[in-house]
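Student: mind folding the following:
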Amino acid sequence: MTRKSSIFPMLIIGILFFIFGFVTWLNGSLIPFLKVICNLTEFQALFVTFAFYIAYTVMALPMAYVLDKTGYKNAMALGLGVMVVGSLLFIPAAQTANFIIFLIALFTLGTGLTILQTASNPYVVLIGPIESAAMRISIMGLINKSAGVLAPLLFTVFIFGNMGDISSDLSQVEIDALSSKLIMPYIAMAIVLSGLMLLVKFSNIPELEFEKNDAYDEGSIFQFPRVILGAIALFFYVGIEVIAGDTIGLYAQGLEVANATALTSYTMVFMVFAYLVGVFFIPKYLSQEKALISSAVGGILLLLGVAFTSTTSYTLAEMLWGWSGVATLPDSVTFVALLGFANALVWPTIWPLALEGLGKYTAKGSALLIMAIAGGAILPLVFGKVSQEIGDMQVSYLLGIVCYLFILIYALKWHKMNSWSK
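Tutor: Residues are numbered from 1 along each chain as shown. A predicted model of the protein is given here:
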């Protein structure tokens, strides 16, 4: 494919990656919002992340079959169509304030994203020269996380306006009015997604074709420990990434911090900064291995900061933001936001370390790594349950140390393993 002919497909994929980030990181705002209008405990509210991320695991294999039948271009359009359905399901969910319908809508959105992710990611590598693929992946990461910055801010502006902060003391009339405010934004989302579906369907982006290998050994992928352990490391990574991005609003809400539903944006801002570090420093100044080690060690230190710093002091925030007008986060909450910086480079560094040298088994290894997204469904629930049992969300963040320790050992040793006997 020529450089000129790759520009339009690159633009389409860039838009899709923006959609990935926008829909995914909107969950951080939905959690404290649904906690109030559906009268949920913190543990119950975290089923938002479970319903969304479990779709990646449950639907990955069925969607791979669909992809094989429809082709990549048609699968992208199909994924957007499924997301339209998920967006429209928010209408009856908002009208009834029924948490089950909300979860079904989130699972449907996750299913659509599963198709989109599976179909669009190969384009990032194949729409241009292979030697510049890493740059294109970094650009897509920046687009994705920039959408994550924007989504919570727009949610707070359009849903709350000048209402101020929500609390659990609202009357039923106020809850119904607040819930109904979700209807128009999700109708707008459905319209935008429908337009993108038509754009993709009738665009001239080329279809991808891959040679089939009849000698493919179904069970052989499990002979590669760096892939299996890499998938587990990604399971822990996605879990702690979602905890950092999607519970910051819930944690801040408990501390009565203003505009808690917008705080996922803070975590995303730090992720964007870290992506920029990756773009400019890897591999020229920083190897993938050292970047992963630094991320794991940094994550552990930041979690200690979350657990053992003040929930009333704003010293750290004033240092970071530079003026008190922006420094609205207690030190402990600021450390949760800073986890975004530690998390950003984990995904792009584990993938090449895990897949190195797989040859014809690369596709199978990639599928296994995608399944690890289940960490975003399961670990936040574990976090929420522990927090509920001990009654202290601040201390519960220490559970994330287990995630970073596994990632650290993988970076130091396990990614070098060529067999289980070594």
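Student: what number of residues lie near the residue nearest to residue 393 when sequence neighbours are not counted?
Tutor: Distances taken as C-beta to C-beta, 6 or more residues apart in numbering put residue 387 closest to residue 393, at 4.4 Å, once the chain neighbours are dropped. C-beta coordinates here come from the backbone N, C-alpha and C atoms, glycine included. Residue 387: 24 surrounding residues under other C-beta atoms under 10 Å.
Student: can you check residue 308 too?
Tutor: Count around residue 308 with other C-beta under 10 Å applied: 13.
Student: can you pull out the low-pLDDT segments for the stretch 51-200 of the chain?
Tutor: 64, 68, 121-138, 160-170 (pLDDT under 70).
Student: ranges for the helices of it?
Tutor: Under the criterion DSSP state H, counting those that start in this stretch, the stretch 51-200 of the chain contains helices at 72-96, 99-126, 133-160, 172-180, 183-201.
Student: the shortest one packs against which elements?
Tutor: Here helix 172-180 is seen to pack against helix 27-37, helix 72-96 when contacts are counted using 3 or more C-beta pairs under 8 Å, 6 or more residues apart in numbering; DSSP states H and E.
Student: centre of the chain to that helix, how far?
Tutor: 29 Å (C-alpha atoms, centre = their mean, to the nearest Å).
Student: picking that back up, okay, the helices and strands packed on helix 172-180, which one's buried deepest?
Tutor: helix 27-37 (a mean of 25; mean count of other C-beta atoms under 10 Å).
Student: give me the angle between that one and helix 72-96.
Tutor: Interaxial angle of helix 27-37 relative to helix 72-96 (axes from the mean of the first three to the mean of the last three C-alpha atoms, to 10 degrees): 20 degrees.
Student: what does helix 27-37 contact?
Tutor: Under the criterion C-beta atoms under 8 Å, 6 or more residues apart in numbering, residues 40-42, 44-46, 48-49, 52, 97, 99, 102, 106, 151-152, 155-156, 159, 166-168, 170, 175, 178-179, 245-250, 253, 260-264, 267 lie in contact with helix 27-37.
Student: tell me how far stretch 58-73 lies from the chain's centre.
Tutor: 21 Å.
Student: same question but for stretch 48-67, I mixed them up
Tutor: Counting by C-alpha atoms, centre = their mean, stretch 48-67 comes out at 14 Å from the chain centroid.
Student: how about stretch 298-305?
Tutor: Worked out by C-alpha atoms, centre = their mean, stretch 298-305 lies 20 Å from the chain centre.
Student: helices along the stretch 301-422 of the chain, start to end?
Tutor: Using DSSP H, counting those that start in this stretch, helices in the stretch 301-422 of the chain cover 315-321, 331-343, 346-355, 362-371, 375-390, 393-396, 400-412.
Student: including mean pLDDT and distance to residue 419, could these go into TSV?
Tutor: Formatted as TSV, the helices of the stretch 301-422 of the chain follow (pLDDT from 0 to 100; distance: least, C-beta to C-beta, whole Å):
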stretch	mean pLDDT	distance to residue 419
helix 315-321	73	45
helix 331-343	93	30
helix 346-355	82	15
helix 362-371	71	15
helix 375-390	90	26
helix 393-396	94	38
helix 400-412	97	16
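Student: buried deepest among these, which one?
Tutor: helix 331-343 (a mean of 25).
Student: angle of that one against helix 133-160?
Tutor: 150 degrees.
Student: isn't residue 383 right next to residue 46, touching?
Tutor: Yes - using C-beta atoms under 8 Å, residue 383 is in contact with residue 46, at 7.2 Å.
Student: overlap in contacts of those two?
Tutor: residue 247.
Student: output the helices of the stretch 301-422 of the chain in JSON lines; the columns should cover distance to residue 22.
Tutor: JSON lines is the format used below for the helices of the stretch 301-422 of the chain (distance: least, C-beta to C-beta, whole Å):
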{"stretch": "helix 315-321", "distance to residue 22": "24"}
{"stretch": "helix 331-343", "distance to residue 22": "16"}
{"stretch": "helix 346-355", "distance to residue 22": "18"}
{"stretch": "helix 362-371", "distance to residue 22": "20"}
{"stretch": "helix 375-390", "distance to residue 22": "16"}
{"stretch": "helix 393-396", "distance to residue 22": "26"}
{"stretch": "helix 400-412", "distance to residue 22": "25"}
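Student: among the ones you listed, which is nearest residue 196?
Tutor: Each of the helices of the stretch 301-422 of the chain was scored for nearness to residue 196 using C-beta to C-beta, and the closest is helix 362-371 (22.3 Å).
Student: tell me how far residue 108 lies from residue 93.
Tutor: Per C-beta to C-beta, to the nearest Å, residue 108 is found 11 Å from residue 93.
Student: do the same with residue 32
Tutor: In terms of C-beta to C-beta, residue 32 sits 17 Å off from residue 93.
Student: with residue 270 instead?
Tutor: In terms of C-beta to C-beta, residue 270 sits 31 Å off from residue 93.
Student: related to what we said a few turns ago, are any of the contacts of helix 27-37 buried, and which?
Tutor: 40, 42, 44-46, 48-49, 52, 97, 99, 102, 106, 151-152, 155-156, 159, 166, 175, 178-179, 245-250, 253, 260-264, 267 (16 or more other C-beta atoms under 10 Å).
Student: residues contacting residue 229?
Tutor: 354, 410, 414, 415, 417.
Student: recalculate using a threshold of 7 Å.
Tutor: 410, 414 (C-beta atoms under 7 Å, 6 or more residues apart in numbering).
Student: ok, and it, which helix or strand is that part of?
Tutor: If you go by DSSP states H and E, residue 229 is part of helix 225-246.
Student: now for the following helix or strand past that helix, which elements pack on it?
Tutor: Using DSSP H and E, the helix or strand that directly follows helix 225-246 along the chain is helix 248-254. Other helices and strands packing on helix 248-254, by 3 or more C-beta pairs under 7 Å, 6 or more residues apart in numbering; DSSP states H and E, are helix 27-37, helix 264-281, helix 331-343.
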